[in-house]
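output the structure for:
(chains A and B)
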Amino acid sequence: MVGVTLVVFLLMHLAPGDPALLIAGQNAPPEVYERIRRSLGLDRPLYEQYLLFLTRVGRGDLGRSLLLGERVADLVGQALAVTLGLALAGLGLSYLIGVPVGIVSAVRSNSLVDQASMVGALVFVSVPPFWLGLILMYVFGLRLGWFPISGHGSLAHDVLPAVTLGLGGAALVARMTRSAMLEVIRQDFVRTARSKGLAERVVIYKHALRNAVIPIISLLGLRLGWTVGGAVTLEMVFSRPGMGRLLVNSILSRDYPVVQGVLLILAFSVMLGNLFADIFYAVADPRIKYR
Amino acid sequence: MDELSETRLASDGQLGRVWKQLLRRKAALAGAALVFLLLVTAVAAPWLAPYDYADQNLDLVLHPPSLAHPLGTDDFGRDVLSRIVYGSRISLSVGTVAVGIGASLGVLLGAAAGYLGGWVDHLVVALIDIAWSFPTILLAIALVAVLRPGLTSAMIALGLVTWPSYARVMRGQILGLREKEFAEAGRAMGASSWRILFRHLVPNALAPIIVMATLGMADAIIVESTLSYLSLGAQPPLPSWGSMLNAGRTFMYRAPWLTIFPGLAILFTVLGFNLFGDALRDALDPRMKQ
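Below is the predicted model:
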């Protein structure tokens, strides 16, 4: 966590432009410029600036936006709720679609259904999420008029971005579920379950899936970063007031305290998500708990 | 014949097996064909493109696909097909440079961490962990902000965000190989650590790195197009597929060809690298032979 704060601090320190000059303006008198530099702590050595930054972050103080004057924590807080909502909806959809597709593919391995699903999965893995968003927006928003094409605030606004994010993620989940299930259904205990005369549904869902669930869950941790990244780019496509729009607009206007705040909070969210995935992992596989 | 030469011969035999496996797989051939098509398009762009990518014809603004302009024209009356053809150069060069930087850095650091161990290993592992806390696209966006938006920045940023994956795999490979007999033999013959590592261990650990680099080309092309779509990558009038999509968004209802065709170009290119990379991984993995 300290490493993450160091990377963010150094990145923003290396970024072009002088924050004090941005606040004071090009024509400000030197004493005003110096006063602002001192108030921001920019006259101190780099390590002191970092320690000051770390202390402030520890207190939840992410500074103020150079452009809007508002507290970065407030701006980021509002945007984070939008982004996390979209990321969780996308992640949920990717598992809702991906796991059943992967199971059917594995159970009917090498059939037409399997081949079609896997070709479909490969195509969706290869589509840039923002372009898929644009295409869905064109078809279901502009042509059919079923959903609004931009904005935020109602369930209808969330459908297209969540489906875009979910489809891209579902492709990878389906591929992982298929390979995990294929490994399990060839094992002796599945053959034993079948030979006992159990219904195929029970064999697949109770015996095979339970044992294939570990790699599928471990993918959850890996997908979190991708999903948050995807949500951030899709916000620009669907004009949603989330972290993505805040980040890109702040970069283009060189509002570095906001860039810093967005990066820190998103990295912490991903780390926290990974921690939850690890806990979930231990709950799903008791062998990990005992180790 | 010494043990080290035998190792080489074994890997030459493996190369022949992999080649045969690839020729047998339809997906590999389809992927290779798509990648080859991209390569030819990029190299022969000036001869293949019917117009220059920057040629404007203000009498033909947002003209739908026709015989003269098979993929239509954009809001400056520029030929979309020509811009897509020239755009292949950007995608290919971004992919190659980004993967080159990421893989070289990753191989170097991963190999050093795996072979030297100790504080070098701790430091590299910590750096990998820190880098992985950030979603790739976000770290790329932040790095572009530091380096100033542009194509060169995008290439460097992409290289810098992808090295940890290569380093992690290379570290694991070297950890497994450093105690093998041929490494012992090298040490017994008095070879330096540097020589053992980069003449004998790294060449034997490159197979998964080659697969990752092929799949990494696909990822790099997607991230570059995303950065360009967000106005942080290639800047106008460069015909990057991502920036073409950004410019076409405003006219999506009136001129959907500006959104459809550059996106299809990205899709087929990425699909090519993914198909070929997947097949290469399967061919290199002995378990897939069964």
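
which helix runs longest in chain A?
The longest helix of chain A (DSSP state H) is helix A:72-107.

check whether the following helix or strand past that helix contacts chain B.
With elements assigned by DSSP states H and E, the helix or strand that comes after helix A:72-107 is helix A:112-126. Yes: Helix A:112-126 comes into contact with chain B (C-beta under 8 Å from any C-beta of the partner chain), by way of A:122, A:123, A:125, A:126. Backbone N, C-alpha and C define where each C-beta goes, glycine included.

and helix A:112-126 with helix A:72-107, angle?
160 degrees (axes from the mean of the first three to the mean of the last three C-alpha atoms, to 10 degrees).

pLDDT score assigned to residue A:229?
The model reports residue A:229 with a pLDDT of 82.

who are the contact partners of it?
In this structure, residue A:229 makes contact with B:135, B:136, B:137, B:138, judged by C-beta atoms under 8 Å, 6 or more residues apart in numbering or on different chains.

the second one contacts residue B:160, correct?
This points to residue B:136. No: if you go by C-beta atoms under 8 Å, residue B:136 and residue B:160 don't touch, sitting 10.5 Å apart.

give me the phi and psi for the residue of the stretch 151-291 of chain A found nearest chain B.
Closest residue of the stretch 151-291 of chain A to chain B, C-beta to the nearest C-beta: residue A:229 (3.4 Å). Phi and psi for residue A:229, reported as degrees, to the nearest 10, are phi -60, psi -40.

what sits against the closest residue to it other than its chain neighbours?
Spatial nearest neighbour of residue A:229, chain neighbours left out: residue B:135 (3.4 Å); criterion: C-beta to C-beta, 6 or more residues apart in numbering or on different chains. By C-beta under 8 Å, 6+ apart, the residues touching residue B:135 are A:225, A:226, A:228, A:229, A:232, A:266, A:270.

which ones among the residues you listed lie within helices?
If you go by DSSP H, the contacts of residue B:135 have A:225, A:226, A:228, A:229, A:232, A:266, A:270 in helices.

show me which pair in the residues you listed is furthest apart.
Pairwise distances across the ones in helices among the contacts of residue B:135 peak at 12.5 Å for A:226 and A:266 (criterion: C-beta to C-beta).

more neighbours: which of these two?
Neighbours per residue (other C-beta atoms under 10 Å in any protein chain shown) separate residue A:226 from residue A:266, with residue A:266 holding more: 30 against 22.

am I right that the more buried one is in contact with residue B:137?
No: applying C-beta under 8 Å as the test, residue A:266 and residue B:137 come out as separate, 10.5 Å apart.

overlap of the contact sets of those two?
residue A:232.

okay, which residue is most central for chain B?
residue B:217 (1.6 Å; C-alpha atoms, centre = their mean).

and that residue, how far is that from residue B:98?
8 Å (C-beta to C-beta, to the nearest Å).

just to revisit the earlier point, next up, the contacts around the residue nearest to the centre of chain B.
By C-beta under 8 Å, 6+ apart, the neighbours of residue B:217 are B:95, B:96, B:99, B:273, B:277.

and residue 210, how many residues sit next to it?
Picked chain A for this. The number of residues packed near residue A:210 is 12, by other C-beta under 10 Å.

you answered for a different chain; I wanted chain B.
Neighbours of residue B:210 using other C-beta under 10 Å come to 15.

that one: which element?
Going by DSSP H and E, residue B:210 is part of helix B:206-229.

surely residue B:178 is in contact with residue B:112?
No: if you go by C-beta under 8 Å, residue B:178 and residue B:112 don't touch, sitting 11.8 Å apart.

for the helix or strand encompassing residue B:109, the averaged confidence score.
Using DSSP H and E, residue B:109 maps to helix B:80-116. If you average the pLDDT over helix B:80-116, you get 92.

wait, does it contact chain A?
No: under the criterion of C-beta under 8 Å from any C-beta, chain A is not reached by helix B:80-116; the shortest gap measures 11.4 Å.

give the buried residues for that helix.
Within helix B:80-116, the residues that count as buried by 16 or more other C-beta atoms under 10 Å in any protein chain shown are B:80-92, B:94-95, B:97-99, B:101-103, B:105-115.

stretch A:236-244 now?
In stretch A:236-244, counting by 16+ other C-beta under 10 Å, buried: A:236, A:237, A:238, A:240, A:241, A:242, A:243, A:244.

now residue A:102. Nearest residue, chain neighbours left out?
residue A:177 (2.5 Å).

the helix or strand hosting the one you found vs helix A:112-126, what angle?
Element membership of residue A:177, judged by DSSP H and E, is helix A:155-185. Relative orientation of helix A:155-185 and helix A:112-126, computed by the same axes, to 10 degrees: 120 degrees.

what's helix A:155-185 packed up against?
In terms of contacts (3 or more C-beta pairs under 8 Å, 6 or more residues apart in numbering or on different chains; DSSP states H and E), helix A:155-185 is packed against helix A:72-107, helix A:112-126, helix A:129-136, helix A:209-237.

residues from the stretch 101-250 of chain B in reach of chain A?
Checking the stretch 101-250 of chain B against chain A by C-beta under 8 Å from any C-beta, the hits are B:126-127, B:129-130, B:132-138, B:141-146, B:148-149, B:218, B:222, B:225-226, B:229-232, B:242, B:245, B:249.
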